[in-house]
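> fold the following.
(3 chains)
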Amino acid sequence: MRLGNLEIEIIIALFLVLTALWTVMARSLLRAAIGLALTSAMLTVMMYKLNAPLAAVFELSVCSGLISVIFITTISLTQPLTWAEIYEHERERLSRFRPLPFIILLLGLFFWLVKVDLALPTVVAEKVTDVRVVLWSLRQLDLVGQIICLLAGAFGVTILFKAWRGK
Amino acid sequence: MSFWFFCVCVIMLAVIGVYCLLYTYSLMRALIGIEILIKAVTLLIIAVGYFSQHLALAQSLVITLIVMEVVIMVVAAGIVLGLHHYQKDLDIRKLRELKG
Amino acid sequence: MVGSFIFVPILLLMIVNVLSFSHKSKLHNILFGFGLLTALAQIALVLWPNKNFWQLTANYQFNVIKFNLAADNLTLVMLLAIGLVGLIALIVARGLINDVDQEYNFTNLWFIALTGMNGLVLATDIFSLYVFIEITAVASFILIALTKERDALEGAFKYVIFSSFATVLMLAAIALLVFFAGDTSFAAIANAIKANPGNSLILMGLILYLLSVFIKSGLIPFHGWLPDAYSAAPAITSIFIAGIVTKVVGIYPLIRFVQLTGTLADPLRNILLLVGGTSIVIAALSALGQTNFKRLLAYSSISQMGYIVLGLAAGSALGLAGAILHIFNHAVFKSLLFINAAAVEKQTGTLDIDKMGGLAEKMPYTGATSAIASLSTAGIPPLSGFWSKLLIIIALWNAQLYFYATVAVLASLLTLGYMLTLQRKVFFGQLENAFYETKEAGWQLVLPSLLLAGIILGLGLGFPWLINTWLIPIGKIL
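Residues are numbered from 1 along each chain as shown, chains lettered A, B, ... in the order given. Below you'll find the predicted structure:
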């Protein structure tokens, strides 16, 4: 790849990978969930830089917001260990994850040095460039799919989250 | 920035996600691994849209994808809560009873 | 008007759910009635095709709504299988689930899974395919976890993880293919693949897609979730999931893939052959060692999926026809076997085949129908399973894949081996003392079993008629 002037994308990408790494390595589950939200936020910035503002808003509000709420709720409902136990447990877990930063670093160096020539297609500009038109006129089936999927999710919530009757 | 640069980002995120899936013993962390993989693929779709100048298509795909992702995560969280009811912790090793 | 396969079920579901009755059983009866009607209408529309219905596109009907849905012969066969197994599952559910709440939930999810599968086989766009795969997958996660028993939840969680991973791979494949095609329709992607032979990004995309469908259909070595999900799920769910859902979610996209890529490039074909051959042999060997009725059936299911993949890899119209017929046959005999397993579990309270014996004496219908299904699985003439396996083996032989043809033939013997072991241990031999009081399961289980057994016999005997009217036309979609 070209080593040109340091562009802003490189910094965002660096932060994106670092937050993802932190998410995976974080000591407590709660911090991992917050790390995930941060990763989403970094992705949002990246999407904004790539001229995809609408999808970026969705990513920010839904992934960084809603999914974090779901995760943090689930974690706080299921956190059974005391802090001392977590500490003990995490030492053992971190030993399994210790190679990961080095793997990522090596991968990064490797791809930095190795030149890969991808045969990219010739660009044909899109006929319809308005997201609203694409989503609401051309991809209606996906919208119907979204509604059905949300319906399935609603049944999932009523079935799975229902209180346990004295078992 | 070239397309390859974004490919590298996607590959790194994917390696982090897969490593998390393979080496974790916690149900919630497995879900977090899946989430990171989905982030990677979202970035790939947007990058493809950017470089092929099909951003409108790519954005509408990503919006649908995000909705699907939320529903999957809600259902998965429900299943994790149910499992927690039985085993009082989230250790994945206890799931392996079923194997064989 | 093919859009009604998606709209009618989902509208009926919504209507019933906004109705408010004080009695859940009343509500459920209405929903159940609608379900029966939907499934019967679906079967009827396929068996007695009406040109006006199938060719009228939604554009004519509403100016607002535009869908790209289309039906070819492959879609018709899949719709028939979906309607048939759906109908059977709905009836059997009445006999297997006692709790009204649970039965109501099952029927609701049944509607969603049915809609998802119908949309999946009608989609002409790779991203819509993904959307409907996801809908079907969400419905099946919840169906597996329906009873919220520990094992069921574990099976469901494993399925969530494997399925989501496969989904991510599929999305990456879609992104790479769309890069070249500029559009998500099957036609555009097929053109892009033909226009760029040997492009590394496209090859990468195709391999990712293949991996994804392999995981979704649970082929070896990607089968980690399948035996657990099948055997841990509630009885009714395993009939529905094993009978049709995983086939539509996993194997149908694979067939579309073969159709998209036209003549398979050599590396892809070798991957298909290798995975198919390994699945047939390893899964059959694993099935021999199982003692749990449903687990044995799960491994048998993987092994049969291997035949379908081999048929596709043969790359001829004959192989494709054989593969499609085998999907239909598999849907019929595997749902029948899972109904038998459910009947045995319901009446004896166990699934351990070592503890059973001589049950044919007490449960004559279950015994007889399961013998027919087992023999059809093993490919004994003149049952329907024989014909589809024969087509696949001939196609492999014609494509000069002698090794894989031999593997397919020899693995049939293994299939016969584990199926006969199952029959001998469960239904024949000495009746165990514990089972003297055992009775035949209710009509809700017996009637569907007899219907399915009838289809196996009828298809087998009526095959010469079938091949000219249905199967050869299917081959022409290539």
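
> drop to CA atoms for contacts and neighbour counts, all remaining ones
Fine.

> which parts of the stretch 351-478 of chain C sit against chain B?
Neighbours of chain B within the stretch 351-478 of chain C, by C-alpha under 8 Å from any C-alpha of the partner chain: none found.

> for the stretch 351-478 of chain C, which residue gets nearest to chain A?
C:Leu351 (23.5 Å; C-alpha to the nearest C-alpha).

> give the contact list for that residue.
C:292-294, C:341, C:344-345 (C-alpha atoms under 8 Å, 6 or more residues apart in numbering or on different chains).

> quick one: low-confidence parts of chain B?
Residue ranges of chain B with pLDDT under 70: B:1, B:88-100.

> which residue does it have closest to chain A?
The nearest approach of chain B to chain A comes at B:Ala56, 4.5 Å away (C-alpha to the nearest C-alpha).

> then chain C?
C:Ile135 (5.2 Å).

> what's the helix or strand for that residue?
Using DSSP states H and E, C:Ile135 sits within helix C:126-144.

> quick check: what element follows that helix along the chain?
Under the assignment DSSP H and E, the closest C-terminal helix or strand after helix C:126-144 is helix C:150-181.

> now that next one: how far from the chain's centre is it?
18 Å (C-alpha atoms, centre = their mean, to the nearest Å).

> can you check stretch C:303-316 too?
With C-alpha atoms, centre = their mean as the basis, stretch C:303-316 stands 15 Å off its chain's centre.

> do the same with stretch C:30-38
22 Å.

> which residues does that stretch contact?
C:8-9, C:12-13, C:16, C:87, C:90, C:104, C:107-108, C:111.

> now, which of those residues lie close to chain A?
By C-alpha under 8 Å from any C-alpha, the members of the contacts of stretch C:30-38 lying near chain A are C:Asn108.

> just the helices in the stretch 301-450 of chain C please.
For the stretch 301-450 of chain C, applying DSSP state H, counting those that start in this stretch gives helices covering C:317-348, C:359-362, C:364-378, C:384-398, C:402-426, C:443-461.

> count of residues packed around the residue of chain C closest to chain A?
30 (other C-alpha atoms under 10 Å in any protein chain shown).

> so it sits right up against A:Val144, yeah?
No. Under the criterion of C-alpha atoms under 8 Å, C:Ile135 makes no contact with A:Val144, lying 10.9 Å away.

> from B:Ile34, how far off is A:Phe15?
Distance from A:Phe15 to B:Ile34, counting by C-alpha to C-alpha, to the nearest Å: 19 Å.

> just the element for the closest residue to chain C within chain A, please.
Per C-alpha to the nearest C-alpha, A:Cys149 is where chain A lies closest to chain C, at 5.2 Å. A:Cys149 is part of helix A:140-160, with elements assigned from DSSP H and E.

> so that helix versus helix C:126-144, what angle?
10 degrees (axes from the mean of the first three to the mean of the last three C-alpha atoms, to 10 degrees).

> okay, the angle between helix A:140-160 and helix C:150-181?
Going by the same axes, to 10 degrees, helix A:140-160 makes 170 degrees with helix C:150-181.

> how close does the closest residue in space to A:Arg31 that isn't next to it in sequence sit to C:Gly358?
Spatial nearest neighbour of A:Arg31, excluding adjacent residues (C-alpha to C-alpha, 6 or more residues apart in numbering or on different chains): A:Thr23 at 7.2 Å. For A:Thr23, the distance to C:Gly358 equals 57 Å [C-alpha to C-alpha].

> pick out whichever of the two has more residues nearby.
The neighbour comparison of A:Thr23 against C:Gly358 (other C-alpha under 10 Å) goes to A:Thr23, with 29 against 20.

> and the next helix or strand past the helix or strand hosting the more buried one?
Assigned by DSSP H and E, A:Thr23 belongs to helix A:8-25. Counting by DSSP H and E, the next helix or strand C-terminal to helix A:8-25 is helix A:29-49.

> what helices and strands are in contact with that following helix?
In terms of contacts (3 or more C-alpha pairs under 8 Å, 6 or more residues apart in numbering or on different chains; DSSP states H and E), helix A:29-49 is packed against helix A:8-25, helix A:53-58, helix A:68-78, helix B:27-51.

> any idea of the mean pLDDT for that helix?
In this model, helix A:29-49 has a mean pLDDT of 92.

> buried set for that helix?
A:29-47 (16 or more other C-alpha atoms under 10 Å in any protein chain shown).

> got the contact list for C:Val92?
C:236, C:339, C:444-445, C:448.

> please repeat the previous calculation with a cut-off of 6 Å.
C:Val92 makes contacts with C:444-445, as judged by C-alpha atoms under 6 Å, 6 or more residues apart in numbering or on different chains.

> so which helix or strand takes in it?
Counting by DSSP H and E, C:Val92 is found in helix C:73-96.

> does chain B sit close to whichever helix or strand comes after that helix?
Note on helix C:73-96: by DSSP H and E, the next helix or strand toward the C-terminus is helix C:100-122. No. Shown here: helix C:100-122 not in contact with chain B (C-alpha under 6 Å from any C-alpha of the partner chain), separated by at least 13.2 Å.

> pull out the CA atoms of helix C:100-122 and give them to me as CSV.
C-alpha atoms of helix C:100-122 as CSV (Å, rounded to 0.1, in the frame of the first residue of the first chain):
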residue,chain,number,x,y,z
VAL,C,100,-51.9,-23.9,25.6
ASP,C,101,-49.5,-21.0,26.1
GLN,C,102,-46.6,-23.0,24.6
GLU,C,103,-48.8,-24.3,21.7
TYR,C,104,-49.8,-20.8,20.9
ASN,C,105,-46.2,-19.6,20.9
PHE,C,106,-45.2,-22.5,18.7
THR,C,107,-47.9,-21.7,16.1
ASN,C,108,-46.9,-18.0,16.1
LEU,C,109,-43.3,-18.9,15.5
TRP,C,110,-44.4,-21.5,12.9
PHE,C,111,-46.0,-18.7,10.9
ILE,C,112,-42.8,-16.6,11.1
ALA,C,113,-40.6,-19.5,10.1
LEU,C,114,-43.0,-20.3,7.2
THR,C,115,-43.0,-16.7,6.0
GLY,C,116,-39.2,-16.6,6.2
MET,C,117,-38.8,-19.8,4.3
ASN,C,118,-41.3,-18.8,1.6
GLY,C,119,-39.5,-15.5,1.1
LEU,C,120,-36.1,-17.2,1.0
VAL,C,121,-37.1,-19.5,-1.9
LEU,C,122,-38.8,-16.7,-3.8
